[in-house]
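Enquirer: Prediction below, plus the sequence it came from.
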Amino acid sequence: MQNQNQALERLIAGRRILILGLGREGLSTYSFLRRALPELPLALADRSPVEQLSAEIRQQLADDKAVTLHCGPDYLSALEGYDLIFKAPGIVPSLPELQAARARGSEISSNTRLFFQLCPGTIVGITGTKGKSTTTSLIYTVLAAGGGDVRLLGNIGIPPLNQLEGASEQTLFVVELSSHQLSDLGRSPQIAVLQNIVPEHLDYYDSFESYVQAKANITRFQSEDQLFVYNAGYEIPRRIAASSKARTLPFALDGLAGDGVTLADGWIVVRSGETLERIMPTDQVPLAGRFNLNNVLPAVAIGRRLGLAPELIAEAVRGFRSLEHRLEFVATIDGVSYYNDSLATVPEAAVAALEAFSDRPVVLIAGGYDRHIDYTPLVDALQARPPRALVLFPDTGDTILALLKERGGELPPYARVENMAEAVERASALAQPGDVVLLSPASASFKLFIDYRDRGEQFKAAVLSRATR
């Protein structure tokens, strides 16, 4: 801990420090710096007025005589007075005030960047558009089964700096990394994992390629003795792997010709030269949908690379359970099964969810905030295998419906709804015994919901209220 504090003091010596954004990561950064350096002058800035912070945080800040607050609509004007700015990941980096700060020579940092600068152990970093939370949790589950000090953190909901205390060179940190966290990182994890990349956050980045480049930071700064594990089933990860300096280890469900982790004769296998090592049968993986095997393969790859026995890896995977809001079973009511897939915020994720129930009729609840992404993949899937019915939220529900109408042919029954209680009510009325009612929105949650968690919780509450009628 003393070495960590000394390293921190070197990083911030003589700097005027501002924490920009008082969400989960911003408050984590404040708490970390204050614990390490109780007298350090700190400034905090947020768009919300102080009165909207929790009573506990307001009291903590009131008791801190070395803190300066810049809260309210003009909070960005505070940037001029500081040369080290810890930015929350949700704040758009292209803001003119941030660009001006960079031009003045200010360093734009983050909770994640500081974690990487101070981390004494090995970082296993995971990114991709969809699947990264499940992949991260599976890797953590597998590595934790091997014993030792293994810690789960990052975009999965645990700010990285929260997990540094007591760490050593032997600590393994399994870190989910969003594009926002990666964009200003300037370094890569020792072991990097990349799932597929599809259009998302186009309201945050000026182009899809800018989003891809942010994701590519997962391996951009790796050295030759580090490891890049990537999904070779898709073109963009293959392209990024081709330019990586690290040792590469591919995985894919199909078509993997050389070494790597893949499927063969109903088994997950590790191929190395002429050797084919069986790890476990695919039908023992306790996750719905073939696409979920994409999340298991990198956990197998890293487990074996770090020396864990196949039997231990298989046991850890067999004991794994789906994450909340990701194809989460809620209840069966009157013969209809309800699944919460609120984490599906892009069309490709909803397509994968539909494929998981290819043997049953589906009433799909979809739609939400419009980030101007292409819904053709979802419309293609809905035409290839028409659902029992559609229940659609604005605004992208209207987009999906318009695209289906443009294609011609018979439309499935549909309902347009404005809230979750109505969505579940209409979906239940349209479903028949044996059907699945699937919340897989293919869209962000804003406007109608706080975030995807709020959307999923409202869905579960609405479903469970039917069970008690």
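Expert: Nice, thanks for sending it over. Note that the coordinates shown come from a computational prediction; the quantities given were computed from them, not determined experimentally. Numbering: from 1, shown residues only.
Enquirer: buried set for the longest helix belonging to the chain?
Expert: Using DSSP state H, we find that the single longest helix of the chain is helix 452-467. Burial within helix 452-467, assessed by neighbour count using 16 or more other Cβ atoms under 10 Å, is assigned to 452, 455-460, 462-463. For glycine as for every other residue, the C-beta is placed from the backbone atoms N, C-alpha and C.
Enquirer: so how far does stretch 439-448 reach from one end to the other?
Expert: The separation between the terminal residues of stretch 439-448, taken as Cα to Cα, to the nearest Å, is 15 Å.
Enquirer: mind checking how far it is from the chain centre?
Expert: Stretch 439-448 sits 15 Å away from the centroid of its parent chain (Cα atoms, centre = their mean, to the nearest Å).
Enquirer: Contacts for it next, please.
Expert: Here stretch 439-448 makes contact (Cβ atoms under 8 Å, 6 or more residues apart in numbering) with 338-342, 344-347, 349-350, 353-354, 364-371, 375, 378, 393-396, 400, 418-420, 423, 451-452, 454-456, 459.
Enquirer: Quick check on the closest residue to residue 285 other than its chain neighbours: phi, psi?
Expert: Using Cβ to Cβ, 6 or more residues apart in numbering and skipping the chain neighbours, the partner closest in space to residue 285 is residue 296 (5.7 Å). Backbone torsions of residue 296, given as degrees, to the nearest 10, read phi -80, psi -40.
Enquirer: Would you check that residue 296 makes contact with residue 138?
Expert: Yes - the pair residue 296 and residue 138 qualifies as a contact (Cβ atoms under 8 Å) at a distance of 6.0 Å.
Enquirer: Quick check: neighbours shared by these two?
Expert: residue 317.
Enquirer: will you turn the buried residues of helix 452-467 into CSV that also has pLDDT and distance to residue 191?
Expert: Shown next, in CSV, are the buried residues of helix 452-467 (pLDDT from 0 to 100; distance: Cβ to Cβ, whole Å):
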residue, pLDDT, distance to residue 191
452, 91, 27
455, 97, 33
456, 97, 30
457, 97, 33
458, 97, 37
459, 97, 35
460, 96, 35
462, 96, 41
463, 96, 39
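Enquirer: From the residues you listed, pick the one nearest residue 247.
Expert: Lowest distance from residue 247 to the buried residues of helix 452-467 (Cβ to Cβ) belongs to residue 452, with 34.9 Å.
Enquirer: Check the gap between that closest one and residue 232 for me.
Expert: Between residue 452 and residue 232 the computed distance is 29 Å (Cβ to Cβ, to the nearest Å).
Enquirer: what about the residue nearest to residue 285, neighbour count?
Expert: Around residue 296 there are 26 other residues, counting by other Cβ atoms under 10 Å.
Enquirer: From residue 207, how far out is it?
Expert: Taking Cβ to Cβ as the measure, residue 296 falls 32 Å from residue 207.
Enquirer: Repeat that for residue 415.
Expert: Distance of residue 415 to residue 207, computed by Cβ to Cβ: 35 Å.
Enquirer: Looking only at neighbour counts, state which of these two leads.
Expert: When residue 415 and residue 207 are compared on other Cβ under 10 Å, the one with more neighbours turns out to be residue 415, at 18 against 10.
Enquirer: isn't that one right up against residue 391?
Expert: Yes - with contacts counted by Cβ under 8 Å, residue 415 reaches residue 391, the gap being 5.1 Å.
Enquirer: where do the contact lists of these two overlap?
Expert: Shared contacts of residue 415 and residue 391, defined by Cβ under 8 Å, 6+ apart, are found at 426-427, 430.
Enquirer: Reformat these as a markdown table; add pLDDT, neighbour count and distance to residue 33.
Expert: A markdown table is the format used below for these (pLDDT from 0 to 100; neighbours: other Cβ atoms under 10 Å; distance: Cβ to Cβ, whole Å):
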| residue | pLDDT | neighbour count | distance to residue 33 |
| --- | --- | --- | --- |
| 426 | 97 | 22 | 49 |
| 427 | 97 | 27 | 47 |
| 430 | 97 | 20 | 53 |
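Enquirer: how distant is the longest helix of the chain from the center of its chain?
Expert: Centroid separation between helix 452-467 and its chain, computed with Cα atoms, centre = their mean, is 21 Å.
Enquirer: Likewise for stretch 313-332?
Expert: Mean C-alpha position of stretch 313-332 versus that of the full chain (Cα atoms, centre = their mean) differs by 17 Å.
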